[in-house]
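Asker: coords below, sequence missing:
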C-alpha cells in the first residue's frame, strides 16, 4: 500500500468519506440491542407499545405531566387510553386502514394517545398547526383526503367549512359533540380485530415546503417512524439521559415534537413535562418545579436563556439543552455555555423529509470542540456533498449541496410526482437544498440555505405562497419575498413590491392584507417598494440580488 493510499484510508476512518464512491458514512453505530426492526408486518403503534416499561414498573412510572394542571399520566394509563380510543374510532366512528385523520390541537396529554390509537388501527395521521387559518386548514383537509378531524374545542370553528366529520379532544359545552375523552371512558371493553399492517404502509402525512415552493404532504411510512424512534432511543442511551426529566414546549404537530415527544420518548421509559404552548416564564417555572434536566429546544429559546437576567428561578437541575429546527449561531452558543457552564448544549440537523433525524452530538465535549458544526451523521445515515455545476461528490472542506440517505427518509410528496422527482435523484438520494461541507473528522457544517424557504422561529415560510397572496392584490403588479436576518427569530419575511400606476397602497396596508390570510409566523414584517422585481431570462426571481439590496437599505417598517 502506498503512502497516498494509507493516508486516504486514514482519512476515510476519521471523516467517514469514501473517495471511491464520494459517500460520507456515519461513524456512529447501533449495537445489537438497538438494531432497527426488520419485521415486515410491524407497525408504529405495536412497536411503541412493545417498548413500554414492564408491568411491574408501568403502573407507577409517569410518562407525561401537564405543566399547568400537574395532572399525571402513567404508562399503564396511556396504554389503556390508546386501546380504548382505538376501539371507539374503529367501532364507533368506522375508521379503517388507510383513512386519514387530521389532528388540529395544541400540545396536550391526549396528543400521544390520539396518534397511537389512530396508527394502531391502520389509519394515517396528518397534523395541522393550530395557528393556521381556516383557508390553510381547508387546503390540508382536501390535499390529504382526511376522513375525520380531531380538534381542540378552541380550533373547531376552522373546520366548519370543510364538511369533514369532527371529534373534539375534550368535552365542551356542546353536549352533541362527541369527544376523545368520552370514547376513552366508554370504549374500554371494545376489541378491535387484528389489522394487517406493513412497515411500508403510510403512517403519517406531515406538511412541509420541502426545498422550495408551497406546502407539500411529506409521506412517512411506519418504517420511517420506527427507524427514527430507534435512533432516538440510541441517542438517549449514548447521552446517558435515561433518568432525565424532559420538558416539551415544541409543538407536537411538528416533526420534531411528534417523533421526539409524541412517539419516541415513551419508548425509553422517560417522563416528560408537557406545556400546551411556549411561554418563557412558564418554562422557567416548570424547570424549577419539576426539576427538569433536559430541554430539546429551538434557537430563539436558547437566545432567551442567554438574555435571561436571573429572575429568581432555580435552573440548577438543567443538564442538557438541544437545539434544532433552525441554525444556532456560534456566538449565541458560546454565550450560552458561558452563562450555563454546567449545561450540555448540543445542536443537530434534520428535516421533515428525513423524519427529523440527520446528525447528533454524542457529548458536549464534541460540540464545544466543533463550534458552528451541527454534529456528525447519526447511525444509518449516509451523505454526499454535491457540486452544483458538475454533479460530482466532493471531499471534506469542499462546499456543495447536502444529499442524504437513511431508512428515515420519506417515501414521497403526496400526489406530487414532479416535486418528488426534483427532490430525489435516480439512486434515491434526498436533495436537502442546503449548502454544506464536512471537516476531516466527519463533522457537518451548514453554510447557507440554497432553498428559498425562510426559517422563522423554527417554522418554514415559503416565499412562493406569500408572493401568490401579494400578487392577488389589485394594486400590486409584482412581488418578491426574501428572508432578513433577525437575532430573535432567526429570519423574518420581508417583501419587495411593485405597485400599480397611481396606486397609493402603503406598507402597513400590505402587511395587514397578508396577515389576514396566513398564520402569524408567515406574516410579512417589512415592505419595500421597487420599480421592477429582478428576474432571470427564464422568469425566476433573483432573490440574492434582493437580499444584497436589503442589506444596503432600511426597508419601510411596520
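Answerer: Structure's in. What do you need? Note that this is a predicted model, so its numbers are computed, not measured.
Asker: give me the distance between the residue nearest to residue 332 when sequence neighbours are not counted and residue 233.
Answerer: With C-beta to C-beta, 6 or more residues apart in numbering as the measure, residue 303 is the residue that lies nearest to residue 332, at 5.5 Å, once sequence neighbours are left out. The C-beta positions use only the backbone N, C-alpha and C, and glycine is treated the same way. In this structure, residue 303 and residue 233 are separated by 30 Å, where distance is defined by C-beta to C-beta, to the nearest Å.
Asker: and for residue 309?
Answerer: Residue 309 sits 38 Å away from residue 233 when distances are taken as C-beta to C-beta.
Asker: these two: which is more packed in?
Answerer: Summary of the neighbour comparison: residue 309 and residue 233, criterion other C-beta atoms under 10 Å, with residue 233 having more neighbours (20 against 4).
Asker: tell me how many other residues crowd residue 41.
Answerer: 11.
Asker: that one and residue 194 touch, don't they?
Answerer: No: in this structure, residue 41 is not within contact of residue 194 by C-beta atoms under 8 Å, at 10.3 Å.
Asker: coming back round to it: using the three-state scheme, assign the residue nearest to residue 332.
Answerer: helix (DSSP: H, G, I helix; E, B strand; the rest coil).
Asker: quick one: residues contacting it.
Answerer: Residue 303 makes contacts with 332, 487, 488, as judged by C-beta atoms under 8 Å, 6 or more residues apart in numbering.
Asker: domain ranges for this protein?
Answerer: Listed domain ranges for the chain are 1-30+370-451, 455-551 (source: automatic domain parsing).
Asker: residue ranges in the stretch 1-150 of the chain under the pLDDT threshold?
Answerer: Across the stretch 1-150 of the chain, the ranges flagged by pLDDT under 70 are 1-12, 58.
Asker: quick one, phi psi at the closest residue to residue 337 other than its chain neighbours?
Answerer: Residue nearest to residue 337 in three dimensions, not counting chain neighbours: residue 345, with 5.9 Å by C-beta to C-beta, 6+ apart. The main-chain torsion angles of residue 345 are listed as degrees, to the nearest 10 and equal phi -110, psi 130.
Asker: also the one 10 residues further on?
Answerer: Dihedral angles phi and psi of residue 355 (degrees, to the nearest 10) take the values phi 60, psi 30.
Asker: residues near the closest residue to residue 414 other than its chain neighbours, how many?
Answerer: Nearest-residue entry for residue 414: residue 217, 3.2 Å, with adjacent residues in sequence omitted and distances by C-beta to C-beta, 6+ apart. Using other C-beta under 10 Å, residue 217 has 24 neighbouring residues.
Asker: run through the bridge partners of residue 217.
Answerer: Going by DSSP bridges, residue 217 is paired in beta bridges with residue 207.
Asker: dump the domains of the chain to TSV, plus distance to residue 54.
Answerer: Conversion of the domains of the chain to TSV gives the following (distance: least, C-beta to C-beta, whole Å):
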stretch	distance to residue 54
domain 1-30+370-451	22
domain 455-551	36
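Asker: what's the closest of those domains to residue 245?
Answerer: Counting by C-beta to C-beta, residue 245 lies closest to domain 455-551 out of those; the figure is 22.5 Å.
Asker: how long is the closest one from one end to the other?
Answerer: 18 Å (C-alpha to C-alpha, to the nearest Å).
Asker: check the offset of that domain from the chain's centre.
Answerer: Averaging C-alpha positions (C-alpha atoms, centre = their mean, to the nearest Å) puts domain 455-551 24 Å from its chain's average.
Asker: cool, and stretch 389-408?
Answerer: For stretch 389-408, the distance between its averaged C-alpha position and the chain's averaged C-alpha position is 22 Å (C-alpha atoms, centre = their mean).
Asker: what comes up buried for it?
Answerer: Applying a neighbour-count criterion of 16 or more other C-beta atoms under 10 Å, the buried positions in stretch 389-408 are 393-396, 400-408.
Asker: what residues are up against the residue lying closest to residue 45 once chain neighbours are set aside?
Answerer: Counting by C-beta to C-beta, 6+ apart, residue 120 is the residue found nearest to residue 45 once chain neighbours are left out, at 3.7 Å. The contact partners of residue 120, by C-beta under 8 Å, 6+ apart, come to 43, 45, 46, 49, 82, 83, 86, 192, 195.
Asker: try it again with 10 Å
Answerer: Applying C-beta atoms under 10 Å, 6 or more residues apart in numbering, one finds that residue 120 lies in contact with 43-46, 48-49, 82-83, 85-87, 89-90, 192, 195, 197.
Asker: which stretches in the stretch 101-250 of the chain count as strands?
Answerer: Listed from the start of the chain, the stretch 101-250 of the chain has strands (DSSP state E, counting those that start in this stretch) covering 124-128, 146-151, 166-168, 202-208, 216-221, 245-248.
Asker: report the distance from the third one to the chain centre.
Answerer: The chain centre lies 25 Å from the centre of strand 166-168; the measure is C-alpha atoms, centre = their mean.
Asker: what's in contact with it?
Answerer: Judged by C-beta under 10 Å, 6+ apart, the contacts made with strand 166-168 from elsewhere in the structure are 85, 88-89, 92-93, 95, 101-102, 104-105, 114, 146, 148-153, 155-156, 159-160, 174, 177-183.
Asker: any of those residues buried? List them.
Answerer: Neighbour-count burial (16+ other C-beta under 10 Å) applied to the contacts of strand 166-168 gives 85, 88-89, 92-93, 95, 101-102, 104-105, 114, 146, 148-153, 155-156, 159, 178-180, 182-183.
Asker: any idea how far residue 523 is from residue 504?
Answerer: In terms of C-beta to C-beta, residue 523 sits 22 Å off from residue 504.
Asker: what about these two, which has more around it?
Answerer: Each of residue 523 and residue 504 has its neighbours counted (other C-beta under 10 Å); residue 523 has more, 19 against 7.
Asker: for the more buried one, give me its contacts.
Answerer: Residue 523 makes contact with 456, 461, 466, 492, 493, 511, 512, 514, 515, 516, 517, 558 under the criterion C-beta under 10 Å, 6+ apart.
Asker: surely the third one touches residue 511?
Answerer: Right, the one you point to is residue 466. No: in this structure residue 466 lies outside contact range of residue 511 using C-beta atoms under 10 Å: 11.1 Å.
Asker: can you map out the helices along the stretch 151-300 of the chain?
Answerer: Under the criterion DSSP state H, counting those that start in this stretch, helices of the stretch 151-300 of the chain are mapped to 180-186, 222-238, 255-257, 280-290, 299-307.
Asker: against which helices or strands is the first one packed?
Answerer: Meaning helix 180-186. Packed against helix 180-186, as judged by 3 or more C-beta pairs under 10 Å, 6 or more residues apart in numbering; DSSP states H and E, are the following elements: helix 75-87, helix 110-120, strand 166-168.
Asker: low pLDDT regions in the stretch 301-450 of the chain?
Answerer: Where the stretch 301-450 of the chain drops to pLDDT under 70, the residues are 310, 448-450.
Asker: switch to 90 and redo it
Answerer: 301-312, 323-336, 338, 346-347, 361-373, 388-391, 399, 433-436, 446-450 (pLDDT under 90).
Asker: same deal with the stretch 151-300 of the chain?
Answerer: Counting by pLDDT under 90, the stretch 151-300 of the chain contains low-confidence residues at 171-177, 187-194, 208-215, 235-243, 256, 268-269, 277-279, 297-300.
Asker: and with 70 instead?
Answerer: 174-175, 209-214.
Asker: work out the gap between stretch 46-56 and the centre of the chain.
Answerer: Stretch 46-56 has its average C-alpha position 25 Å from the chain's average C-alpha position, going by C-alpha atoms, centre = their mean.
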